[in-house]
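following is a predicted model, sequence given first.
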Amino acid sequence: MIEFENVNKTYDDGTEAVRDFSLRAESRETTVLVGTSGSGKTTVLRMVNRMVEPTAGRVLWDGRDVATMDAVRLRRSIGYVLQEGGLFPHWTVLRNIATVPLLENTPKDEAMRRAAELLTLVGLDASLGERYPSQLSGGQRQRVGVARALANNPLVLLMDEPFGALDPLVRRDLQREVVRIREALGTTIIMVTHDMHEALMLGHKVVVMATGGRIVQEGSPEQILSSPADDFVAGLLDASGMMAFVNGDRA
Amino acid sequence: MIYDALAWLADVSNWVGDAGIWMRLVQHLAVTMAVVMVSAVIAMPIGIAIGHTGRARALVTLSSGAARALPTLGLLTLFGLALGIGLTAPFLALVVLAIPPLLAGAYSGVESADPATVDAAYAIGMTSMQVLRHVELPAGFPIMLGGLRTTVLQVASTATLAAYTADFGLGRFLFSGLKTNRYEVMIGGALLVVALTLVLDVALAALQCVATREKRVNGDGAVSGQ
Amino acid sequence: MTWVGNNLSLMASLFLAHVMLALPAVALSVAVAIPLGWLAHRSPTIRGPLLQVVGLLYAIPSLALFLIVPSLFGLEMRGSANIIVVLAIYGVAILVRTVTDAFDSVPADVLQAADACGYSLWRRFWSVDLPLSLPVTMAGVRVVVVSTISLVTVGSVIGVRSLGTLFTDGFQRGIVAEVVAGLVLTVLLALAMDGLCVLAGHMLTPWTKSSRLPRRVGFIGRSRGALPATPVTTNEEGSVP
C-alpha cells in the first residue's frame, strides 16, 4: 500500500506543483491519477520512487517513509514505465529488460534468461530480443519498457502516461496486457494519464486531479461514471466520449 | 626565463628600427590582411555559388578535410623550395590554407537560409539573383563573418610559422632567438604572437557582434523597403 | 625519387617517432576533454567561461606554445613531453565543445529511465551517459586525430624528430623529394588513423548503424522502423497472437 500524507511540492522557482495532497493506493490494485497537464499528477507519481522529493508531507510504502530508504535501492525495487518507453538506445531489447537485475549483480546468463521470459510475458516474439530499440515500432518499444519495469519482480509499478504516444488500436492492446499482467503477478500499479477512458478502463480507483494537485473526485470507475462530482469531471468524461454512459439512461 | 623575455619586451630599443617589433608587427598584419583579401576574392564567389546552387558540395567538405590533414610546414617548405626565400612562397601557401575555411563559411552561410523563405521568395517571382541578394546573403551574413574570423586567426597564426622560410613578421623573433640561443628573444616573440592572436580574436568577436546586430536592423529595413 | 629509395629506413623511423608523439597527445586530450565536457554539460556556470577559455587557447599558434610551455611547466623544450602536452592542449581545445554537445545530445527521457532503474550517478555515467555521447564525441576525436598528426610536424622546427623533420631537412638541403615524401606520409598517416577512428566508432556504437538495418530488408514499416520479425508475428505490433 502506498500512502501520500499531506504532500507538498514547491519547485525552486516558486511554482507550487502539489499542495496538501493525500491519497491511499491499495496493494494489488491499479490506482489511476487522471487530469489535465499541470495538475501535478506526474510530480505525485515521482514522489513514490523519490525522483521528486516532497517539500512537505510524507510518502509511505507499507507504513515506511520512503524518505528514510536509500533512493537507488528504492528505485531498483519499484518498476517505472515512461512515455515512449525511455529505452536505452545503445542496448539490445534483452539487455534493456535485464537492466535492473544486472544492476543487482544477477549473473548475466540468468538475467538474460529472465529477460527472454519477460519478453514473452509482454507479448513480444523472442526473435526481437537481439534488436536495438530503434528497430522496433512504438508499441513494441512500450512493451519492452513494461518488461524492463517488471524485471526485478517489483511489488509496485509506476506508469507515467505509458501509452500516450501510441495509436488507439495499439493502445487498447497494451491496456489489456497491463490488466492481464497485474492479474497474473498481483502488482500494485499507480498510473498517470490524461485519458479518462483509459483511467476508467484500468483503474480500481480513479483519482481526478486539477491544478496544484487538488483532488476533485476519487472513487471507483462506477462512482465516477454514475455521479461526476462537478462540471470539471463531467467535462473530462465528455472529452473522452464517455458522457454517453453517464447515468445510463442517457445512452 | 619569462622575466628575461618581459625585460626584452620592455626595452624600447627592441621596438624601433627596420627589424624592430613595430616593423615586424606591421609586416605580420599586412601579410595577414593581404592573404585574407586575395583568398576571399577567390573563395567567396565559389562558396556562395555552391551554397546557392547546391552543386559541388563535396568540394567544400573535401577542401576542409584536406586543409586539416595537410601539414602547414610541409606546404610552406615546398613552396619555399619551388619559389625561393622571398615573400611569394609563404604568401601563396597561406592563400592555399585560407581558402577552405572561407569557402566553408560562404557555403554554409548561404545554405543556412530557411528553405521555406527561399521557396516563398521564388514563389513571389524573385529571380535567382534576387533570391541570392535579398534572402540568402542577408541570412548567411553572420555565418560568413564567422568564417572570416576563423580565417583571419588561422592566417595570422600560420604567418608565424611562415617566418621559417621568409624574412617577415613576428615569427622572425622566434626563429632567430631559437637559432642564436637567445631565449629571451624567442619567448618574448612567442608572447607577442600570443598577445596578437588573442587581441585579434577578441576584436573580431566584437566586430562580429556589432556587425550582426547592425545587419539585423538594416535587414529589417531592407525587407520593409521591398 | 632516388632520395626516397635511399632513405627508407630514415622515413620509417621518423614515421614511428611521429606516431609516438601523435597517439599519446590524442589519448591525453580525450582523457582530459571528457571530464571537462561533462562538467560543462552539468554546470551552466562552468560552461560559458570554460568554452571561452578553450576557444582562446585554440587561437594561439602552436609554435608559440612549443616555446612557452616548457618554461611554464619546466619541460625540456626539445623533449617529447613538450610536444605531447602542447598538442593535447589543442586537442582539448577542439574536443571540449564537442564533448559538451555530445552529453547534451543524450535524450533526457533515457536519463530519467536510468535514474528510475536505480543507477547511481557514477554508474549511470559509465553505462548510459558516456556510451550514448560516443557518436558525437567520435566525430570530434576524428578532427583531433587528423589535426594533431598535422601539427606534430611543427615540432621539427624546434628540433623534435617527426615526419616534419623531412620538411626542415629537405628545405635546408634543397631536396624537393624529401619534402614531398613528408607531405605524402603525413597525409597518409592522417587518413589511416581517421579510417581507424571510423572503424572504432562503428565497433563502439553498434546501435547507431542498426537503425539502417530494416532498410536492407526492404521498405516494410520504414516509417517507424517496424519490421515484422518472423511469420509468427501477425499484427503491426509484432505481438504473438
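That came in fine, so what should we check first?

who's in contact with stretch C:47-64?
B:153, B:157-158, B:160-161, B:171, B:174, B:190-191, B:193-194, B:197-198, B:200-201, C:36, C:39-41, C:86-87, C:89-90, C:92-94, C:96-97, C:100, C:151, C:154, C:157-158 (CB atoms under 8 Å, 6 or more residues apart in numbering or on different chains). Placement of C-beta: from N, CA and C, glycine included.

got a PyMOL select line for the buried ones in these?
In PyMOL syntax, the buried subset of the contacts of stretch C:47-64 is picked out as below (16 or more other CB atoms under 10 Å in any protein chain shown):
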select buried, (chain B and resi 153+157+158+160+161+171+174+190+191+193+194+197+200+201) or (chain C and resi 36+39+40+41+86+87+89+90+92+93+94+96+97+100+151+154+157+158)
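
any idea how many residues pack against A:Leu169?
12 (other CB atoms under 10 Å in any protein chain shown).

revised request: answer the last question for A:Gly212.
17.

now the closest residue to it other than its chain neighbours: phi and psi?
Leaving aside its chain neighbours, A:Gly212 sits nearest to A:Arg19 (4.9 Å; criterion: CB to CB, 6 or more residues apart in numbering or on different chains). With angles defined as degrees, to the nearest 10, A:Arg19 sits at phi -130, psi 120.

same deal with B:Gly109?
Residue torsions, per degrees, to the nearest 10, at B:Gly109 are phi -60, psi -60.

isn't it right next to B:Pro138, touching?
No - using CB atoms under 8 Å, B:Gly109 is not in contact with B:Pro138, being 9.9 Å away.

between the two, tell me which one has more neighbours.
B:Gly109 (25 against 19).

tell me the confidence at that one?
The per-residue pLDDT reported for B:Gly109 equals 92.

and it, how far from B:Pro100?
Per CB to CB, to the nearest Å, B:Gly109 is found 15 Å from B:Pro100.

how about C:Phe66?
24 Å.

for chain B, give me the ranges with low pLDDT.
Low-confidence segments of chain B, defined by pLDDT under 70: B:214-226.

repeat that with 50
B:219-226 (pLDDT under 50).

whatever helix or strand B:Phe141 lives in: what's the following helix or strand?
B:Phe141 belongs to helix B:137-162 when assigned by DSSP states H and E. Sequence order places helix B:171-180 as the next helix or strand after helix B:137-162, per DSSP H and E.

do that following helix and chain C meet?
Yes - with CB under 8 Å from any CB of the partner chain as the criterion, chain C is reached by helix B:171-180 at B:Gly171, B:Leu174, B:Phe175, B:Leu178.

widest-spaced pair of the residues you listed?
B:Gly171 and B:Leu178 (10.4 Å; CB to CB).

which parts of the chain are helices?
I'll assume chain A. Per DSSP state H, chain A carries helices over the ranges A:41-48, A:71-76, A:93-97, A:99-103, A:108-121, A:138-150, A:168-185, A:196-202, A:221-226, A:231-239.

nope, chain C
So, for chain C - with DSSP H - the helices run C:2-6, C:8-42, C:44-59, C:62-73, C:80-104, C:108-117, C:121-124, C:130-152, C:165-173, C:176-204, C:206-210, C:213-217.

relative to helix C:130-152, how tilted is the fifth one?
Meaning helix C:80-104. 140 degrees (axes from the mean of the first three to the mean of the last three CA atoms, to 10 degrees).

excluding chain neighbours, give the residue nearest to B:Leu94 in space.
That would be B:Val35: by CB to CB, 6+ apart, it lies 4.4 Å from B:Leu94.

in the one helix or strand the one you found maps to, which residues are buried?
Using DSSP H and E, B:Val35 maps to helix B:21-53. Within helix B:21-53, the residues scored as buried using 16+ other CB under 10 Å are B:21, B:23-24, B:27-29, B:31-32, B:35-36, B:38-40, B:43-44, B:46-52.

now swap in stretch B:200-213 and tell me
B:Leu200, B:Asp201, B:Leu204.

identify the residues contacting the residue nearest to B:Leu94.
B:Phe91, B:Leu94, B:Val95, B:Ala98, B:Val155, B:Ala159.

quickly note the distance from the fourth one to chain A.
According to CB to the nearest CB, to the nearest Å, B:Ala98 stands 41 Å off from chain A.

residues in contact with the residue sitting nearest the centre point of chain C?
Closest residue to the average C-alpha location of chain C: C:Val141 at 1.4 Å, with CA atoms, centre = their mean. C:Val141 makes contacts with C:Val26, C:Val30, C:Leu95, C:Cys197, as judged by CB under 8 Å, 6+ apart.

among these, which pair sits farthest apart?
Within the contacts of C:Val141, two members stand farthest from each other by CB to CB: C:Leu95 and C:Cys197, at 12.8 Å.

who has more neighbours out of those two?
C:Leu95 (26 against 19).

once you drop chain neighbours, what's closest to that one?
Using CB to CB, 6+ apart, the closest residue to C:Leu95 is C:Ala33 (3.6 Å).
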